Each structure stands twice: as structure tokens, then as C-alpha cells.
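Asks: Test case, fold it:
(chains A and B)
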Protein chains: 2
Amino acid sequence: MRTSLCEVLGIEYPVLGFTPSEQVAAAISRAGGFGVLGCVRYNRAEDLDAALDWMDANTDGKPYGVDIVMPAAPPKEGTAVDLDALIPLAHREFVHRTLAELGVPETADAEPGGVLGWLHSVARSHVDVAMGHPIRLIANALGPPPIDVIDRAHQHDVLVAALAGRAEHAVRHVYGGVDIVVSQGYEAGGHTGEIATMVLLPEIVDAVGARVPVLAAGGIGSGRQAAAAIALGAQGVWMGSYWLTSAEYTLGGPNSATQRALLAARSSDTVRSRIYTGKPARLLRTRWTEAWAAPDAPEPLPMPLQNLLVSQAHQRLAAADDPEVVAMPVGQIVGRMNEVRPVARIMAELVAEYQETVRRLAELG
Amino acid sequence: MRTSLCEVLGIEYPVLGFTPSEQVAAAISRAGGFGVLGCVRYNRAEDLDAALDWMDANTDGKPYGVDIVMPAAPPKEGTAVDLDALIPLAHREFVHRTLAELGVPETADAEPGGVLGWLHSVARSHVDVAMGHPIRLIANALGPPPIDVIDRAHQHDVLVAALAGRAEHAVRHVYGGVDIVVSQGYEAGGHTGEIATMVLLPEIVDAVGARVPVLAAGGIGSGRQAAAAIALGAQGVWMGSYWLTSAEYTLGGPNSATQRALLAARSSDTVRSRIYTGKPARLLRTRWTEAWAAPDAPEPLPMPLQNLLVSQAHQRLAAADDPEVVAMPVGQIVGRMNEVRPVARIMAELVAEYQETVRRLAELG
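Replies: So this is what the prediction gives:
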């Protein structure tokens, strides 16, 4: 399983793991992969700084990276308060009515602004903080980072990765200075396009693979799937959803409603919708997503307004501790997330199944 | 590339090719694969009989199969005329208005009933005819065939294949006597579900692979994709779209508008819609499909009414010879269908790329 990406990143297995949990990210790096910490949930720069301090102390010197949400074109924005004024009253009323209908209790301590990481100014503060740590990679889930961020990363010998849902986007990324392209297939969790990995990945490999490594995201959780990705021309895999049911994932508390919902879900229990951020993203299908799919539901707002609209709702949904109403991005691989395992075991089983698969293919001839 | 399915079917490569063209089906079998003739377009039993006579004379004694569209539950139906009365006037008016807006000329010779193969009674006549030829396999694109058809096939030593878009459907198929399951991923052309091949295929393999061979359909056109499918546990691949731009495919005439449209299309130029048959099917995105996606368009009718509604329109669209208004089922692999090649060359290139991929994987270790 040793592709040239392993040399580039200084890792044992070309398995990159995106996760909002610093415990999981560190465990992935310790297990021979490459942990990428999602920064969007850190409203305060000092909280991200503390998380990266913790990672520096807990990765045994293994490399890791960060994922920062930076829209390609900086949106016009003022403060969170200014943006709040742009949210229509009817949308707010729909959210309040829906939460009441779903039996979601009010919470006293919900932060008014919610998750601010989708805002351009906050994302910039994340870059500033991350550059103060020994990160090896900055990824951007919304296409290529701004050109000055790419230049700054390269000055610090930090590689830049960007997700692409179409081959033409990948070409544009590489032209803009991106070092690693992540092919994000339709089946992936979070922001995703409509072309499935089986078709998208070789298209992106053929378009840019001679210049940069391409990683496969979307539908990857097992060694067979990793082998399929390498067969299609990937230099490695990018897994996000799969770590959400790892033992180290404790956001939301142990045995949280979200984790219970994920463990029970089948591959058909996801939906691609704009209700999470304003852009199409794959989420676990729950009574919350179904309410937004009803004929009387309003159209989701554009980014960043939609996330501001629902961010307090997300906090209330999380506090409700009800598996039927969680709001959670996850890919179709959720159907195979059926038990809680430590990251090291997930990695070991993936590598073993990968090697067994390659042996099986070789024997078939 | 020699899986145990090769022994079962008596073929060289585990590449099954579904096609409405007897020339293409025969060429696939001659090239070492297994041609499966789609029967739905044969309104008259004697026309199918003649096509199978031609195949018997042109497959060099190699095995082949047929695909017949049989709804699992026989619909209530009378004659085509009775069914016609169930189509709302507003739907007919929408079709007429849309064709006029798209500049599609009237045709003198369109058959009123259009394609009848979706009707239960016609499908039964296809089974009767096919059983009189040395077929090795009957496939059904709409789930499991009726139980008496399965029994009759088995009495004639004919294997039965059925498509599945979910693991639970595959389990039901095998329980009902199906011998081969085709995992039909989201990216496939024609009738398709929402789970992509990367996730669906290993789920179906784990659910039924110990009892029956599983084939991968959806997104397969190259040797890398075939290798990925085998890595995921398939015993072979089932390709449909890819033959539509083969040299032997002459339905619609040489250099037809449909073939020109397919050669030009990108992987993002398809849409999943109910407008072709009443059930969700992936089609080439054209001005025709866009018209049905407009806010003023009616909801498509259920099967078999929708196909009766649009079948004359399909004949007019075909006669218009305009690449912008063709009505054609095709998968996301259409983005890689960029030149016209003989079937034998497609097969040889696929096999060579497959073997190169397996070597590459083995060398990586």
C-alpha cells in the first residue's frame, strides 16, 4: 500500500483522515495514516490553538494537517450580526416551528452566532493559528484556497490540498497552485457533487494525475474500497465519515445520539441537501432533514446564511439526545459503520483487507 | 481476469454487455465476453425471433443472453388502447407543446403504441421466443422475474440474472431463485437507485456473494474500473452504456444525432429522472429532459403509462436528428465515450488495462 504519496507526506499508509476531533486526528497519524483536523467548529482562534498544541503533544512527531473552510471568492460580509439581518423571518419561523414539532427542547446556553468557521474572517484566523504549528498540509473543502494562502503555505513548506467534484475543477485547482487534489465523489459525506467516485476518480486522475497526487474521497471505508481507489489511479484515500464511529470520537459525549444514529443507519439513509450550509452536502437522513424536504419547507438560504440560520438549531438538536433528529454530515459508507472501534484497529483492518485484496487480484491474473 | 463466472458462463472474460443491438451483442460474445440482447424494443415477437436467429448465426457458437423487462408484480393491464385512456390530457398537451417548442418535426409513420416491451403481455411473448433459442441467461432489469419464468429458465438450463440497487433487494432476488445478481449503482444508465457502486457493490457481495456471483454495473467502461469492481468483490462487470458508441451500434443510423450527442457529453451531462418509463432512470441531459425539469412540467406518470405517453415523442425526437433533443438512457461513464471503436477493440483495450492495473497494484504491494 506504499504509493509515492507516502514519501511526500512521510507516512506509512496513504490513508488521510478528515475529522473535527483532535483525538481522532492524532490517533490517525499515530496509526501510520495522516490526520487532518477540521477547524470549522472553532469559533475562537485560541481554542484551535489549544487543540493544535494538544495534537503537537500527542502525535508522536508524526505529520498531520488541518482543513479550513475558505470560499474561493471571499463573500461580502460584515459581522455575524449584520449577516443575521439578512435571514428572512419566515425561515426563522420554519426552524422554530419544526423544532417544536420534532419535540426538541429549548437550550439555555446556545451561542447566538453558532458555528462561525464558515465566515471568511474566521477562516483567516484559523490559517494564522495553524501556521504557528508544525502542520504539513492545509486542505480546503470548498475548492482552492485563496492565492495568498497558497503562497504562504508554500513559503512554510506546507502542502495545499483541495476537494474537487469535477475534473475541470481539479484542473483549475492545480493551475492555481494546489499540490494535492481530493476527488470527492457523490457518495461522500458533506459537500459533494453528483458524479460518483467510480467515474469521477479516473477522470480527475487522467486530468491532473501526472502533475499532482490524487486522493479518493467518497465511499471509502474498507481495504477493498481502498484497493479499488488505487486501481482507479488514486495515490491514496481520504476518509471522513468512517472515523465518526471510532472509539476516540467523543464530540457530543460517549454513546451520543449522533453516534447511535450513525451505527444504526444503512447506506440508503443519507440525503444530499443544501440545509446544512447552503451548498449541497450529504447528511444522515433524519426527521430533521425530512422536515426540510416537505412541500411546505422553505428553500435553504445561500452560504453563509443557511448555517447561521440553523446553527442554534444544530445545538438544540445535539442537546436533545434523540437519534431521530440529529443533524450530521455523513457519506453512504455509513451503512458499514456498525461498531465502535479504536482508530488503530480500523487502520490495521483496512490495511490487512487491502493487502488480501491485492493478493486475490494477483492470483486471478 | 479469469473469475469463476468465466467457467459458469463458458466465456473468456467476465464482461457482460447489455445492448439493444443484436450486432453489438454478437460482437461482445465473439470478443470473449457475453452479449445480452435487450428485448424491450421488439414490439412483435417475430422480430425478436429473427434477431435471435441472426445472433445464432453470428456468435461463432459463443454463449449469449437476453434482457427482458418484467415488472415483479404483473400490473393490471388491458390492451395498449385501454392504457392509453388512463393518460391525462394535460400530459399529452405538455408533450405536444414541448416538442413544438424544441422544434421537433411531426413524423408521418410513428407507431401509435410506441414501444410495447414494457407491457407484461409483450414481455411474456419475449420469454416464449427466447426459450426457443440457445440462450444461456435471462436478465431482468426490473428486479426478479416472475417465479414461473425462473422455473422455466432453470428447466432449460438457462441462468437468471436480476439487477439490484440495494443489498436487501439482492437478498430477496437470491431467495426467489435468481442465479446472478447485478449490482446497479447510482452512476449507471437506465433504471437506477441512489447508492453508488463503490458502496453498493461490496454491500451486495457481502449479502449474497457467498451464494451467487455478483456483477458490477454502474460506472464501468475501462480496465481500471473493471479492476476496481473485482477488487470490491465482483465476479465480473455488466456494461451497458459503453457499447452505444461502438462501431457495431447502428440503431438510429450511422453518425446519428444520438451517437453524436453521446460522444460529446461529459460525465456531468446526465440526469436521473422518471420521464423515460415512470421509474427513476439515468438519461443524457438534453433540452428534452430539461423541459421536464422546468417548474411548469407535469409529474411523470407511473410505469407503464409514462412510456406510452412519450413513446411517439421518442420516435419524433429520434427522427429530428438533433443532438440537443435526443431521449437516451446512459450512465455517467458517457464522459469517457469519446470515440467510435469496434467492440473487439473496446474489449481488448479493457482487458489490457485491467491486466496492467493488477500488475501496478501487485508492484505497490
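Asks: give me the low-pLDDT residue ranges for chain A?
Replies: A:71-81, A:109-119 (pLDDT under 70).
Asks: So what are the structural domains in it, by residue number?
Replies: A:1-77+A:119-246+A:342-365, A:79-115+A:249-340 (automatic domain parsing).
Asks: now the ones you listed as a markdown table including distance to chain B?
Replies: Quick note: C-beta positions are derived from backbone N, CA and C, even for glycine. Putting the domains of chain A into a markdown table (distance: least, C-beta to the nearest C-beta, whole Å) gives the following:
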| stretch | distance to chain B |
| --- | --- |
| domain A:1-77+A:119-246+A:342-365 | 3 |
| domain A:79-115+A:249-340 | 4 |
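Asks: Next, the angle from the longest helix along chain A to helix B:343-364.
Replies: Ranked by number of residues, the top helix in chain A under DSSP state H is helix A:343-364. Here helix A:343-364 runs at an angle of 130 degrees relative to helix B:343-364 (axes from the mean of the first three to the mean of the last three C-alpha atoms, to 10 degrees).
Asks: Not including adjacent chain positions, what is the nearest residue to A:P342?
Replies: A:A247 (4.4 Å; C-beta to C-beta, 6 or more residues apart in numbering or on different chains).
Asks: list the contacts for the residue nearest to A:Y354 when sequence neighbours are not counted?
Replies: With C-beta to C-beta, 6+ apart as the criterion, A:Y354 has its nearest non-adjacent residue at 3.6 Å, and that residue is A:G223. Contacts here follow C-beta atoms under 8 Å, 6 or more residues apart in numbering or on different chains; on that basis A:G223 touches A:E349, A:L350, A:V351, A:A352, A:E353, A:Y354, A:Q355, A:E356, A:T357.
Asks: Equivalent analysis for A:A164, please.
Replies: A:A164 neighbours (C-beta under 8 Å, 6+ apart): A:G143, A:A170, A:H173, A:V181, A:V182, A:S183, A:Q184, A:I204.
Asks: repeat that for 10 Å
Replies: Neighbouring residues of A:A164 by C-beta atoms under 10 Å, 6 or more residues apart in numbering or on different chains: A:143-144, A:170-174, A:178, A:181-184, A:193, A:200, A:203-204, A:207-208, A:214, A:217.
Asks: Which ones among those residues map onto strands?
Replies: A:V181, A:V182, A:S183, A:Q184, A:V214, A:A217 (DSSP state E).
Asks: my guess is the last one contacts A:A229, does it?
Replies: By that I understand A:A217. Yes: in this structure A:A217 lies within contact range of A:A229 using C-beta atoms under 10 Å: 9.0 Å.
Asks: Overlap in contacts, the two.
Replies: Common neighbours of A:A217 and A:A229 (C-beta under 10 Å, 6+ apart) are A:S183, A:G185, A:T197, A:L201, A:V237, A:W238.
Asks: how many other residues sit next to the residue nearest to the third one when sequence neighbours are not counted?
Replies: Put plainly, it is A:T197. Of all residues not flanking A:T197 in the chain, A:G185 sits nearest, at 3.1 Å (C-beta to C-beta, 6+ apart). A:G185 is flanked by 32 other residues according to other C-beta atoms under 10 Å in any protein chain shown.
Asks: same thing with A:A293?
Replies: So A:A293, with other C-beta under 10 Å, has 11 neighbours.
Asks: How much space separates it from A:I138?
Replies: Look at A:A293 and A:I138: by C-beta to C-beta, to the nearest Å, they are 35 Å apart.
Asks: The domains of chain A: which one's closest to B:P298?
Replies: Closest approach to B:P298 among those (C-beta to C-beta): domain A:79-115+A:249-340, 16.0 Å.
Asks: does A:W238 count as helix, strand or coil?
Replies: strand (DSSP: H, G, I helix; E, B strand; the rest coil).
Asks: and the gap between it and A:A196?
Replies: For A:W238 relative to A:A196 (C-beta to C-beta), the value is 15 Å.
Asks: now A:F94
Replies: 32 Å.
Asks: The two: which is more packed in?
Replies: A:A196 (31 against 18).
Asks: residue contacts, that one?
Replies: Contacts of A:A196 by C-beta under 10 Å, 6+ apart are A:185-188, A:218-219, A:332, B:185-188, B:195-200, B:218-219, B:267, B:331-332.
Asks: try 7 Å this time
Replies: A:G185, A:Y186, A:E187, B:G185, B:Y186, B:E187, B:A196, B:T197, B:M198, B:G219, B:Q332 (C-beta atoms under 7 Å, 6 or more residues apart in numbering or on different chains).
Asks: returning to that earlier point: flag every buried residue along the longest helix of chain A.
Replies: A:V343, A:A344, A:I346, A:M347, A:L350, A:V351, A:E353, A:Y354, A:T357, A:V358, A:L361 (16 or more other C-beta atoms under 10 Å in any protein chain shown).
Asks: Contacts for that helix next, please.
Replies: A:1, A:13, A:15, A:24, A:27-28, A:31-33, A:222-224, A:226-227, A:242-243, A:246, A:248, B:1-3, B:227, B:230-231, B:358, B:361-362.
Asks: Which of these fall within helices?
Replies: Going by DSSP H, the helices hold A:24, A:27-28, A:223-224, A:226-227, B:227, B:230-231, B:358, B:361-362 from the contacts of helix A:343-364.
Asks: Without its sequence neighbours, what residue ends up closest to A:E353?
Replies: Using C-beta to C-beta, 6+ apart, the closest residue to A:E353 is A:G223 (2.6 Å).
Asks: Shouldn't A:N338 be within a strand?
Replies: No: going by three-state DSSP, the assignment for A:N338 is coil, not a strand.
Asks: what about it, how many neighbours?
Replies: 13.
Asks: Tell me who's in contact with it.
Replies: A:L263.
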